[in-house]
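K.L.:
Could you work out the structure for the sequence below:
(one chain, ligands or ions: 1)
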Amino acid sequence: MRLMVVGFGVVGRSSVRALCERREELRRKFGLNPKVVAIIDINGALVDSKGISPDTLLRASERGAKIEDFKDIFNPEAKLSDLLSDLDCEVMVETTPTNLSTGQPGLDHLKLAMKNGVHVVTTNKGPLALAMPALLELAEHNRVRLKFSGTVGGGTPMLDLAKKCMDGLRIESFMGILNGTTNYILSKMDSEGVSFLAALDEARSKGYAEADPSYDVDALDPAAKLVIMANWVMGKKLSIRDLRITGIRDVRPEEINKARSEGKIIKLIASCGERQEVAPMAIPRDHPLNVSGTLNALTFRTDLAGEITIIGKGAGGQETASAVLRDLIDIRKSYTRQALTQAQKFGRT
Ligand SMILES: NC(=O)c1ccc[n+]([C@@H]2O[C@H](COP(=O)([O-])OP(=O)(O)OC[C@H]3O[C@@H](n4cnc5c(N)ncnc54)[C@H](OP(=O)(O)O)[C@@H]3O)[C@@H](O)[C@H]2O)c1
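P.N.:
Numbers count the residues shown, from 1 in each chain. Take a look at the predicted model:
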């Protein structure tokens, strides 16, 4: 499988490292033999049409390493559009930063790859939050796979649980905690009685919150994840602009105390049922969604099996890289299925 990695930060590097370190296992268990033919960052690209050597990949994926330092295969002029048409490549792994206003640069990357007949694995929520129905149509039209497990729940297989393990069930609704930073802040406010600002400062000092925390605390990040879940799992045709979104800036210690006195706790809940919204809500303290720290959790309400909850880490380079691996393996498995169908069609099995 010939791959191109676009965006070489925390997730891009962790994904390349995981591919190198699991090489043998991937080949043995899944017949997946990945060859990275290009790594594209904002400054240029590492390109080797024969596949960049595992040693170079491991060194390049070290924290702090710069792709420009690998002079023999670095091309500062390389453009994604040229690489997509010139290099023989099957899958683009897209891990550029999320932009929920324009979806760029990821949106253009995804469209370009799919129009060139290249499968896409992405961890970037921006393009999907803004244009998921159109992107899924584009994938279908060009007969390529668009995979995005890492966009929701980091390495926790929330999308796959709903899509692959619930055949025969009807999912009536779901609700969950889809952002670790806000869960950390609300958990601190509850357990230590501190204000929103004091809890935010602590989240920043621990590296859980960005200098500009608005994507998290204004609930845009969980809203983007809700859009992806709602489209993919519930068959809605939504963009982030269709949601009601309320962040946690205005949650006061008094509300948290009142909730506690009623046996409840305030959590930032993304829900999809009759309505789609993200807002702080008081839930019973013994509810399975009452997870602490930066954990994420999601409860599906189903007709035959009742409520099913999945809990796990919602982010992290290595964790999200595991979702990239899962998507690549899934694409590899679909090759096998296609080959089987072809063989059956021609009476060869
Ligand atoms: N980190 C996580 O735990 C996590 C979890 C789930 C999903 N995600 C999502 O996965 C994506 C990547 O996250 P990350 O943490 O790896 O971010 P990151 O560390 O900021 O990496 C993004 C990389 O993309 C590069 N880039 C920016 N514009 C580009 C362009 N036009 N062409 C090529 N490369 C470009 C950046 O270069 P510069 O740094 O030079 O700008 C950077 O190397 C984001 O969309 C994020 O929301 C992250």
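
K.L.:
Am I right that Ile39 is in contact with Gly12?
P.N.:
Yes - counting by C-beta atoms under 8 Å, Gly12 is a contact partner of Ile39 at 7.4 Å. Where C-beta positions appear, they are placed from N, C-alpha and C, glycine not excepted.

K.L.:
higher neighbour count, these two?
P.N.:
Ile39 (29 against 26; other C-beta atoms under 10 Å).

K.L.:
Any residue of the strand or helix carrying the more buried one touching the ligand?
P.N.:
Using DSSP states H and E, Ile39 falls within strand 35-41. Yes - Strand 35-41 lies within reach of the ligand by C-beta under 6 Å from any ligand atom, at 40-41.

K.L.:
just checking, next helix/strand downstream of that strand?
P.N.:
Assigned by DSSP H and E, the successor of strand 35-41 is strand 44-47.

K.L.:
How far does that following strand sit from its chain's centre?
P.N.:
24 Å (C-alpha atoms, centre = their mean, to the nearest Å).

K.L.:
burial measure for whichever residue of the stretch 1-150 of the chain sits closest to the ligand, as a count.
P.N.:
Closest to the ligand within the stretch 1-150 of the chain is Gly9: 1.8 Å, counting by C-beta to the nearest ligand atom. Gly9 has 13 neighbours, counted by other C-beta under 10 Å.

K.L.:
Kindly report the same for the one 10 residues further on.
P.N.:
Close neighbours of Leu19, defined as other C-beta under 10 Å, add up to 25.

K.L.:
how about the helix or strand hosting it: buried residues?
P.N.:
Taking DSSP H and E as the criterion, Leu19 maps to helix 10-21. For helix 10-21, a neighbour-count test (16 or more other C-beta atoms under 10 Å) marks 10-20 as buried.

K.L.:
Could you tell me the angle between the direction of the helix or strand of the chain with the lowest mean pLDDT and that of helix 10-21?
P.N.:
Lowest by mean pLDDT, DSSP states H and E among the helices and strands of the chain is helix 317-345, with a mean of 87. In terms of direction (axes from the mean of the first three to the mean of the last three C-alpha atoms, to 10 degrees), helix 317-345 departs from helix 10-21 by 60 degrees.

K.L.:
is helix 317-345 anywhere near the ligand?
P.N.:
Yes - using C-beta under 6 Å from any ligand atom, helix 317-345 reaches the ligand at 317, 320.

K.L.:
next one: stretch 203-220
P.N.:
No - under the criterion of C-beta under 6 Å from any ligand atom, stretch 203-220 makes no contact with the ligand; the nearest approach is 8.6 Å.

K.L.:
Perfect, that will be all.
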